[in-house]
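# kindly return the folded structure for what I paste below:
(chains A and B)
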There are 2 protein chains.
Amino acid sequence: MLTNCKNEFPEAEREAIYRVIAERRDVRCGFTSEPLPDELLNRLFTAAHNAPSVGLMQPSRIIVIRDLATRQSVHTAFCEANRQALESYTGERREQYASLKLEGILDAPQNLCILSDANSSRGHKLGRQTIPETAIYSTVCAIQNLWLAARAEGVGVGWVSILDPARLREILRIPPHIEPIAYLCLGFVDSFGNSPELERAGWEQRIPLAQVVSYDRYSEEPAEPKR
Amino acid sequence: MLTNCKNEFPEAEREAIYRVIAERRDVRCGFTSEPLPDELLNRLFTAAHNAPSVGLMQPSRIIVIRDLATRQSVHTAFCEANRQALESYTGERREQYASLKLEGILDAPQNLCILSDANSSRGHKLGRQTIPETAIYSTVCAIQNLWLAARAEGVGVGWVSILDPARLREILRIPPHIEPIAYLCLGFVDSFGNSPELERAGWEQRIPLAQVVSYDRYSEEPAEPKR
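Next comes the predicted model:
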């Protein structure tokens, strides 16, 4: 019997929230050339800006990259990092890696670099003294908010992590005290996949939920709820 | 003119998604003693499990902590870390810090520890060679999914980062290869605040969105969109 449901969202809204979580994808293909309107981008940024942050420090910063020459520089940096990554694989896995499309830097008309001002004095260090990484984690929460809002707007988002952060700092003139956290390609897409692209490509399979949950102490055995 | 809106969610669903993002709170007070049903927890865990993960590695692990003695040990660890944190403040700020309630470890009938198996071979290192931190970032995305789903279910979530990770490892028997990322207190609550608790308490104020966005290169000047 539930007595405390007065704060829950109506069923249709809850379903929408679970649906956007389930249907969000990491998108690397199928971006259209139509730029995202400023108002839409602004809604996505507001979603990011509403993320939790340790001590209410709000460390997240956003660079919108529309300039083609800048995107071309980032794309060159990607190609270099990706060539090095390819060299680490052999045999069939190497062929498979080479066949994957892993970014949409030039296809998507806008890219975003999400950064963290992780050492700012805002928040007065509350919650950061024992686990300073929480500043950066706050920025990752902002990224996930933006990603979900984008899916609801029909906007594909792809996170490109095959990039040397030092190159990104040079290209986007990111000062030393600011940490680049994610490089995202954003755009309208023709469709969203029913399952993750890496699963469809045979790169990796998802694992069942039961395998990741344990009770009262860490365990790698699939667990049963314990009361 | 938008021609590519066939993938967007209906307006009412989009609004629900923006609303849950805006109304999510970091909750430390007002947890009721009613335990969360397993089916509800399972929905929250499914939301977490649906998070993006680099190379589809799915590094996130969850420990559900209901056992009172275990929560008492964690609470003791919090008190120790919080006492040390308090010592770092002086004057009015110290008094203010001392007056804040920063955890609900014993009030909330269940706690979660969210962990990351950040060095596993799953995902075959795709996307992790230049930025290995993306494994941990994947787990933070899972935490944000869970947080939003919880808000939609009327469940308060508070992230306790005032804890020595080494003590948490001992208490929850977390092996060296697994990284504890977040310790969360979860439970039904009487109400959710209209604004962040730290803002209401006068600890910190939110900043305007315009202050965090720049165009084509990093800038700390409030920016105007540039096309």
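
# did I read that right, A:V157 in a strand?
Yes - judged by DSSP: H, G, I helix; E, B strand; the rest coil, A:V157 forms part of a strand.

# for chain A, which strand is longest?
In chain A, with assignment by DSSP state E, the single longest strand is strand A:179-188.

# quick one: average pLDDT of the next helix-or-strand element following it?
With elements assigned by DSSP states H and E, the helix or strand that comes after strand A:179-188 is helix A:197-200. The predicted model assigns helix A:197-200 a mean pLDDT of 96.

# how about stretch A:172-190?
In this model, stretch A:172-190 has an average pLDDT of 97.

# CA atoms only: put it into PDB for me.
Listed next in PDB are the C-alpha coordinates belonging to stretch A:172-190 (Å, rounded to 0.1, in the frame of the first residue of the first chain):
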ATOM      1  CA  LEU A 172      38.700  26.000 -28.400                       C
ATOM      2  CA  ARG A 173      41.200  28.100 -26.300                       C
ATOM      3  CA  ILE A 174      40.200  26.500 -23.100                       C
ATOM      4  CA  PRO A 175      42.200  27.900 -20.200                       C
ATOM      5  CA  PRO A 176      44.100  25.600 -17.800                       C
ATOM      6  CA  HIS A 177      41.600  26.000 -14.900                       C
ATOM      7  CA  ILE A 178      38.700  24.800 -17.000                       C
ATOM      8  CA  GLU A 179      38.300  21.000 -17.700                       C
ATOM      9  CA  PRO A 180      36.800  19.900 -21.000                       C
ATOM     10  CA  ILE A 181      34.400  17.000 -20.100                       C
ATOM     11  CA  ALA A 182      32.500  16.100 -23.300                       C
ATOM     12  CA  TYR A 183      32.500  16.900 -27.000                       C
ATOM     13  CA  LEU A 184      29.000  16.400 -28.400                       C
ATOM     14  CA  CYS A 185      27.600  16.400 -32.000                       C
ATOM     15  CA  LEU A 186      24.000  17.600 -32.100                       C
ATOM     16  CA  GLY A 187      21.400  17.700 -34.900                       C
ATOM     17  CA  PHE A 188      18.000  16.700 -36.100                       C
ATOM     18  CA  VAL A 189      18.100  13.100 -37.400                       C
ATOM     19  CA  ASP A 190      16.000  11.100 -39.700                       C
END
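
# so what's the residue count around A:L86?
14 (other Cβ atoms under 10 Å in any protein chain shown). The C-beta positions use only the backbone N, C-alpha and C, and glycine is treated the same way.

# isn't A:R25 right up against A:S191?
No - with contact defined as Cβ atoms under 8 Å, A:R25 does not count as touching A:S191 (9.8 Å).

# who's more crowded, the two?
Remark: of A:R25 and A:S191, A:R25 carries more neighbours, 19 against 13, as counted by other Cβ under 10 Å.

# per-residue confidence for that one?
A:R25 carries a pLDDT value of 98.

# kindly report the same for A:K6.
Looking at A:K6, its pLDDT is 74.

# wait, does stretch A:30-40 contact chain B?
Yes - Stretch A:30-40 reaches chain B (Cβ under 8 Å from any Cβ of the partner chain) through A:T32, A:E34, A:P37, A:D38.

# which of those tops the neighbour count?
For those, neighbours tallied by other Cβ under 10 Å; top is A:T32, 15 neighbours.

# phi, psi of it?
phi -90, psi 170 (degrees, to the nearest 10).

# for A:Y218, list the residues it contacts.
Residues near A:Y218 by Cβ atoms under 8 Å, 6 or more residues apart in numbering or on different chains: B:R61, B:I63, B:C113, B:L115, B:L172, B:R173, B:I174, B:P175, B:I178.

# from the residues you listed, which ones fall inside helices?
With DSSP state H as the criterion, helices contain B:L172 from among these.

# doesn't A:Y183 make contact with A:A108?
No - at 11.2 Å, A:A108 does not count as touching A:Y183 under the criterion of Cβ under 8 Å.

# restrict the contacts of A:Y218 to those near chain A?
B:R61, B:I63, B:C113, B:L115, B:L172, B:R173, B:I174, B:P175, B:I178.

# turn the contacts of A:Y218 into TSV, including neighbour count.
TSV is the format used below for the contacts of A:Y218 (neighbours: other Cβ atoms under 10 Å in any protein chain shown):
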residue	neighbour count
B:R61	24
B:I63	26
B:C113	27
B:L115	26
B:L172	23
B:R173	12
B:I174	20
B:P175	10
B:I178	20
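
# tabulate the contacts of A:Y218 (TSV), appending distance to A:G123.
Compiled in TSV, the contacts of A:Y218 are given as follows (distance: Cβ to Cβ, whole Å):
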residue	distance to A:G123
B:R61	28
B:I63	27
B:C113	23
B:L115	25
B:L172	27
B:R173	32
B:I174	27
B:P175	32
B:I178	28
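
# helices along chain A, start to end?
Assigned by DSSP H, chain A shows helices spanning A:11-23, A:38-49, A:68-87, A:91-99, A:134-152, A:165-172, A:197-200.
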